[in-house]
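# Can you look at this prediction? I've put the sequence above it.
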Amino acid sequence: MGENRPQPDPDRLTRLEEAVGFIDHTANQLSGEIAALNREVAHLTRRLESLERRLGELHDAVVDAPPVVPPPHSAGPDVPRDPL
């Protein structure tokens, strides 16, 4: 009885090399995309921090502002003279 061995596939190595090349190319593309996304996140984080800082400054300016008192000529009997 003779053994029934599968015949070697001469294109197998070529297909494996192509698959590895495709995987390597895809990994490089994805790495570039991740780097770009990280740069965008860092940029947006800096913008958010700047906006938060500015909002805090505006809040402090409003809190520290003197109270608004209506001018005497606009105060009628129904308008209080105390700060609003």
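The structure has been received and is ready for your questions.
# Where does pLDDT dip in the chain?
1-3, 70-84 (pLDDT under 70).
# show me where it has helices.
Along the chain, the segments classed as helices by DSSP state H run 12-64.
# Quick check, central residue of it?
residue 41 (3.7 Å; C-alpha atoms, centre = their mean).
# where's that residue relative to residue 8, distance?
From residue 41 over to residue 8 the distance is 50 Å, taken as C-beta to C-beta, to the nearest Å. No exception for glycine: its C-beta is placed from N, CA and C like everyone else's.
# Now the phi/psi pair for residue 6, please.
Torsion angles at residue 6 (phi, psi; degrees, to the nearest 10) stand at phi -70, psi 140.
# Begin at 710, not 1, for the rest of this chat.
Sounds good: first residue 710 from here, last item residue 715.
# if I look at it, how far off is residue 721?
In terms of C-beta to C-beta, residue 715 sits 11 Å off from residue 721.
# again, but for residue 729
13 Å.
# what's the answer for residue 758, then?
55 Å.
# Neighbour count for residue 715 and residue 721, which is higher?
Using other C-beta atoms under 10 Å as the criterion, residue 715 and residue 721 rank with residue 721 on top: 9 against 5.
# Run a quick neighbour tally on residue 770.
Residue 770, neighbours per other C-beta under 10 Å, totals 9.
# wait, I meant residue 764
By other C-beta under 10 Å, the residues close to residue 764 number 10.
# quick one: contacts for it?
Listed by C-beta atoms under 8 Å, 6 or more residues apart in numbering, residue 764 has no contact partners.
# Roughly how far does it sit from residue 757?
10 Å.
# Repeat that for residue 766.
With C-beta to C-beta as the criterion, residue 766 and residue 757 are 15 Å apart.
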